[in-house]
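In: Structural data only, the sequence is not supplied:
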């Protein structure tokens, strides 16, 4: 059984920062793609950031560029999302995702990823 476990969500004021963590349990994701998505109430799931281990490529959604940073932990199957200058519109449930394959074709698409965490709530107050 593969599980992705997110942590680090919470309530923060606008302009503040949070760091989300995602740990994979059950298998290693060396050279696999891992990503963060989010879903705000009443909206579709939105791509936030992705890391492709095989070549080190990093991708960000337009709404978070310059504010969020995705990084890899020292453990092969850990990924972080450092969020700064948070805005009320960043309020959402944030999901970690992992690709079963090392061949990542569409790193910004939710359909690329087979494994998903349960989500962690991030609430930004104005």
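Out: Looks like it came in fine. Everything numeric here is computed off the predicted structure, so don't read it as measured data.
In: For the rest of this, base every contact and every neighbour count on C-alpha atoms.
Out: Noted.
In: who's residue 22 bridged to?
Out: residue 6, residue 79 (DSSP bridges).
In: My read is that it contacts residue 5, right?
Out: Yes: using C-alpha atoms under 8 Å, residue 22 makes contact with residue 5 at a distance of 5.4 Å.
In: Quickly list what's touching both of the two.
Out: residue 96 (C-alpha atoms under 8 Å, 6 or more residues apart in numbering).
In: Mind checking which of these two has more residues around it?
Out: residue 22 (28 against 19; other C-alpha atoms under 10 Å).
In: residue contacts, the more buried one?
Out: By C-alpha under 8 Å, 6+ apart, the residues touching residue 22 are 4-7, 78-80, 96.
In: and if you look at residue 118?
Out: Contact analysis of residue 118 by C-alpha under 8 Å, 6+ apart lists 4-6, 95.
In: And it, how far from residue 94?
Out: Separation of residue 118 from residue 94 (C-alpha to C-alpha, to the nearest Å): 9 Å.
In: swap in residue 57?
Out: 21 Å.
In: With distance to residue 126 added, can I get the contacts of residue 118 in a markdown table?
Out: As requested, these are arranged in a markdown table below (distance: C-alpha to C-alpha, whole Å):
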| residue | distance to residue 126 |
| --- | --- |
| 4 | 30 |
| 5 | 28 |
| 6 | 25 |
| 95 | 23 |
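In: ok, residue 57 and residue 94, which is more surrounded?
Out: residue 94 (27 against 11).
In: tell me which element the residue lying closest to the more buried one once chain neighbours are set aside falls in.
Out: Distance criterion C-alpha to C-alpha, 6 or more residues apart in numbering; nearest residue to residue 94, sequence neighbours excluded, is residue 38 at 4.2 Å. With secondary structure defined by DSSP states H and E, residue 38 is part of strand 33-39.
In: Show me what secondary structure element comes after that strand.
Out: Counting by DSSP H and E, the next helix or strand C-terminal to strand 33-39 is strand 46-52.
In: Please work out which residues outside the next helix or strand after that following strand touch it.
Out: Per DSSP H and E, strand 46-52 leads on to strand 57-60 as the next helix or strand towards the C-terminus. Taking contacts as C-alpha under 8 Å, 6+ apart, the residues outside strand 57-60 that touch it are 47-52, 70, 107-108.
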